[in-house]
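# Below are the sequence and a predicted model; questions follow.
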Amino acid sequence: NAGVTQTPKFQVLKTGQSMTLQCAQDMNHEYMSWYRQDPGMGLRLIHYSVGAGITDQGEVPNGYNVSRSTTEDFPLRLLSAAPSQTSVYFCASSKWDGNTEAFFGQGTRLTVV
Amino acid sequence: KNEVEQSPQNLTAQEGEFITINCSYSVGISALHWLQQHPGGGIVSLFMLSSGKKKHGRLIATINIQEKHSSLHITASHPRDSAVYICAVRKNTGNQFYFGTGTSLTVIP
């Protein structure tokens, strides 16, 4: 049982480049989500999914794209990286039931130059 | 306005001290989570609460649903407790998580 696996751990991009952050979970969780963590701010929701084929926008979705083709995987795509997207990104998963524990990936530290 | 407010933002303690971190929230919730994040590290779940009190080793978490308030206590603090502690709530409509900005704890030997 690996929990939530998030890759890569570190990434440096040039402005305008695109990339995909990978997130996978093996706990059969319905709910998966992506957050960004910036200094002085709480984690902010980028996109989330309540099941395969279903995604929705969070608080800060601009510049990011997601898809959920399987229960296990929830990749986050940066379409054209900007310096404002320099941040630490976390993927999380949980069961849909609100009274259950959340599991987080190890985080991706992204720098856009 | 933040749905989740934590205090203090920063906390320095001497080894052995009793520590309290507070969390207030403004939305209806199905559960409240206390999370720990070590510098440069991932986020791990310490507690999930929907009522009452939970204890794990030297850590105790309490919640008062009526007052929309939770506290995380650390007894006999140790330098390895140095980390950022994050309060998060899961809203009871939509199931989304809302996070506090975290409390940075440093325990000095």
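Yep, that arrived. Predicted, not measured: the structure shown is a model, and the values here were computed from it.
# Can you give the distance of stretch A:23-32 from its chain's centre?
12 Å (Cα atoms, centre = their mean, to the nearest Å).
# Helix, strand, or coil at the residue nearest the centre of chain A?
With distances taken as Cα atoms, centre = their mean, residue A:34 lies nearest the centre of chain A, 2.9 Å away. Secondary structure assignment for residue A:34 (DSSP: H, G, I helix; E, B strand; the rest coil): strand.
# What separation is there between it and chain B?
Distance, residue A:34 to chain B, by Cβ to the nearest Cβ, to the nearest Å: 12 Å. All C-beta spots, glycine's among them, are computed from the backbone N, C-alpha and C.
# residues touching the residue of chain B found nearest chain A, list them.
Relative to chain A, the nearest point of chain B is residue B:30 (3.0 Å; Cβ to the nearest Cβ). Contacts for residue B:30 (Cβ atoms under 8 Å, 6 or more residues apart in numbering or on different chains) come out as A:98, A:99, B:50, B:90, B:91, B:92, B:95.
# hang on, the earlier thing: please tell me I have it right and the residue nearest to the centre of chain A contacts residue A:23.
Yes - using Cβ atoms under 8 Å, residue A:34 is in contact with residue A:23, at 7.2 Å.
# in the chain, which spans are strands?
In the absence of a named chain, chain A is used. Ranges of strands in chain A, per DSSP state E, are A:4-7, A:10-13, A:19-25, A:31-37, A:44-51, A:54-57, A:64-66, A:76-78, A:87-94, A:103-104, A:108-112.
# other chain: chain B
Applying DSSP E to chain B gives strands spanning B:4-7, B:10-14, B:19-25, B:29-37, B:43-49, B:52-56, B:59-64, B:69-74, B:83-91, B:97-99, B:103-108.
# In TSV: those, plus distance to residue A:12 and mean pLDDT.
Shown next, in TSV, are the strands of chain B (distance: least, Cβ to Cβ, whole Å; pLDDT from 0 to 100):
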stretch	distance to residue A:12	mean pLDDT
strand B:4-7	31	96
strand B:10-14	30	97
strand B:19-25	34	98
strand B:29-37	22	95
strand B:43-49	22	94
strand B:52-56	38	96
strand B:59-64	37	98
strand B:69-74	35	98
strand B:83-91	24	96
strand B:97-99	26	93
strand B:103-108	26	97
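# Can you lay out the ones you listed as TSV showing distance to residue A:62?
Shown next, in TSV, are those (distance: least, Cβ to Cβ, whole Å):
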stretch	distance to residue A:62
strand B:4-7	23
strand B:10-14	31
strand B:19-25	27
strand B:29-37	26
strand B:43-49	24
strand B:52-56	38
strand B:59-64	35
strand B:69-74	32
strand B:83-91	22
strand B:97-99	20
strand B:103-108	29
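# Would you list the phi and psi of residue A:59?
Note on residue A:59: backbone dihedrals following degrees, to the nearest 10 are phi -80, psi -40.
# what residues are up against it?
Here residue A:59 is in contact with A:44, A:45, A:46 (Cβ under 8 Å, 6+ apart).
# Same check on residue B:17?
Contacts of residue B:17 (Cβ under 8 Å, 6+ apart): B:77, B:107.
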